[in-house]
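A.B. asks: only geometry, no sequence info:
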């Protein structure tokens with residue numbers, strides 16, 4: 001046992017005397033230097049950018065008409081298909097006209113009788129006009145004749161008015177479309193009794209080409225926009241109509257471009273927003289009333305905008321945005337930013353960057369402020385025009 005112990009001690013001593021590779025020193029006695037990390041860098045520059053805002057809302061019909069009967073009666077015919085397109089003046093329903101036809105005939109007869117009654121009175125007055133001047137007929141008798149004639153002529157006026165009323169009521173038995181558009185569900189069937197004060201409409205017609213889009217805009221954002229325009233940060237062209245683009249609820253861009261018609265003058269107290277109405281062409285009837293949509297509205301133009309890729313902007317523990325730049329000595333520096341909004345695939349920077357700055361967009365994993373880096377210039381990606389422009393978060 002003592003023999004094996006002595007051998008083990010000898011081997012341990014020999015191993016301790018062997019040189020190790022971990023303790024080698026590079027020539028010159030200093031520590032080994034790691035090569036600088038490579039980073040992708042873009043050069044910041046100013047460009048002209050269109051400022052827009054994305055707002056959500058719903059579509060609504062351009063015109064809506066509830067078709068209601070003006071007279072009562074039995075529905076004899078329905079002359080349209082539910083959901084079909086009709087033109088203004090097209091016949092939709094036929095109400096039984098028998099009673100109104102009879103009333104019209106009676107009114108014609110009453111007018112004829114009134115006119116016939118006035119003929120002899122008119123002749124009598126003309127004949128006695130000369131006799132009263134010769135004192136052959138007393139003035140009293142002549143005045144009575146004129147009074148009878150005036151009454152007869154008034155009866156003619158009343159009869160004409162009654163005839164016109166009867167004609168209108170007879171025409172109302174043919175229920176026509178007040179506007180051009182698409183019909184909805186019919187709430188009555190053939191044989192139903194309707195009245196002039198019918199609670200439900202017979203049907204509803206909606207014109208959806210063009211179509212309105214009502215979106216909500218925050219009053220706070222509107223005030224911020226006015227301040228930016230007043231300070232000259234954003235310029236607008238008052239001679240050009242405000243345009244808008246539309247995106248369907250599944251994100252598909254709508255091919256037609258619309259115009260902003262007006263802003264509501266009342267702010268909703270519960271939401272702090274107001275209605276912004278736009279109008280869009282809808283020839284294919286792609287948009288239907290009540291659909292949820294998103295609209296990108298053009299607010300103005302920033303002539304000297306600083307736009308940087310989104311992947312180059314980071315946030316600290318408090319959520320404040322910052323970017324890593326490379327200075328003139330190829331060392332990393334940190335720069336805090338103030339962002340305005342997101343335009344396509346880029347951020348619009350209000351402050352923190354200036355033209356000529358070199359901003360790091362790739363290679364963040366092995367760098368920190370103050371570290372030396374190897375710069376690899378890259379071209380900035382083009383602004384994605386197809387993307388909607390969303391309001392950013394100011395920091």
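C.D. replies: Good, I have the coordinates. As the structure is a prediction and not an experimental result, all values here were calculated from the model. Numbering: from 1, shown residues only.

A.B. asks: okay, CA-based contacts and neighbour counts for the rest of this
C.D. replies: Fine.

A.B. asks: Any idea which residue is closest to the centre of the chain?
C.D. replies: For the chain, the residue nearest the mean C-alpha position is residue 213 (3.3 Å; Cα atoms, centre = their mean).

A.B. asks: Domain boundaries for this protein, per the record?
C.D. replies: Annotated domains of the chain cover 37-50+303-377, 52-61+208-302 [automatic domain parsing].

A.B. asks: Export those to a markdown table and append columns for distance to residue 155.
C.D. replies: Formatted as a markdown table, these follow (distance: least, Cα to Cα, whole Å):
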| stretch | distance to residue 155 |
| --- | --- |
| domain 37-50+303-377 | 73 |
| domain 52-61+208-302 | 48 |
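
A.B. asks: which one of these has the lowest average pLDDT?
C.D. replies: Mean pLDDT values for the domains of the chain show the minimum at domain 52-61+208-302, a mean of 82.

A.B. asks: hang on, the earlier thing: so what's the residue nearest to the centre of the chain closest to, chain neighbours aside?
C.D. replies: Nearest residue to residue 213 in three dimensions, chain neighbours excluded: residue 59, at 4.3 Å (Cα to Cα, 6 or more residues apart in numbering).

A.B. asks: helix/strand/coil for that neighbour?
C.D. replies: With DSSP: H, G, I helix; E, B strand; the rest coil as the basis, residue 59 sits in strand.

A.B. asks: tell me what the helix or strand residue 170 falls within is packed against?
C.D. replies: Using DSSP states H and E, residue 170 sits within helix 139-172. Applying 3 or more Cα pairs under 8 Å, 6 or more residues apart in numbering; DSSP states H and E, we find helix 139-172 packed against helix 98-133.

A.B. asks: ok, now which ones touch residue 101?
C.D. replies: Residue 101 is in contact with 166, 170, counting by Cα atoms under 8 Å, 6 or more residues apart in numbering.

A.B. asks: Kindly report the same for residue 287.
C.D. replies: Residue 287 is in contact with 59, 208, 211, counting by Cα under 8 Å, 6+ apart.

A.B. asks: And for residue 132?
C.D. replies: Contacts for residue 132 (Cα under 8 Å, 6+ apart) come out as 138-139, 142.

A.B. asks: try residue 91
C.D. replies: With the criterion set at Cα under 8 Å, 6+ apart, residue 91 makes contact with 79-80, 174-177.

A.B. asks: go with 7 Å
C.D. replies: 79, 174-177 (Cα atoms under 7 Å, 6 or more residues apart in numbering).

A.B. asks: go on, residue 375?
C.D. replies: 38-41.

A.B. asks: which stretch of helix or strand covers it?
C.D. replies: Using DSSP H and E, residue 375 sits within strand 373-377.

A.B. asks: now residue 80
C.D. replies: In this structure, residue 80 is located outside every helix and strand according to DSSP H and E.

A.B. asks: Only the buried subset of the contacts of residue 91, as a ChimeraX command please.
C.D. replies: This is how ChimeraX selects the buried members of those, with burial counted by 16 or more other Cα atoms under 10 Å:
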select :174,175,176,177
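
A.B. asks: gap between residue 173 and residue 56?
C.D. replies: Distance, residue 173 to residue 56, using Cα to Cα, to the nearest Å: 44 Å.

A.B. asks: The two - which one has more neighbours?
C.D. replies: Using other Cα atoms under 10 Å as the criterion, residue 173 and residue 56 rank with residue 173 on top: 24 against 17.

A.B. asks: residues touching the nearest residue in space to that one that is not next to it in sequence, list them.
C.D. replies: Distances taken as Cα to Cα, 6+ apart put residue 95 closest to residue 173, at 4.7 Å, once the chain neighbours are dropped. Residues near residue 95 by Cα under 7 Å, 6+ apart: 73-76, 173-174.

A.B. asks: again with residue 367
C.D. replies: Listed by Cα under 7 Å, 6+ apart, the contact partners of residue 367 are residue 37.

A.B. asks: Return the backbone torsion pair for it.
C.D. replies: Torsion angles at residue 367 (phi, psi; degrees, to the nearest 10) stand at phi -130, psi 160.

A.B. asks: quick one: it from residue 326, how far?
C.D. replies: Taking Cα to Cα, one finds residue 367 at 11 Å from residue 326.

A.B. asks: hey, what's the residue nearest to the centre of the chain bridged with?
C.D. replies: Beta-bridge pairing for residue 213 (DSSP bridges): residue 59, residue 278.

A.B. asks: still on that earlier bit, let's see which of the contacts of residue 375 end up in helices.
C.D. replies: Among those, no member is found in helices (DSSP state H).

A.B. asks: Run through the bridge partners of residue 65.
C.D. replies: Beta-bridge pairing of residue 65 under DSSP bridges involves residue 205.

A.B. asks: Residue 262 looks like it's in a helix, true?
C.D. replies: No: the assignment for residue 262 is strand, going by three-state DSSP, so no helix is present there.
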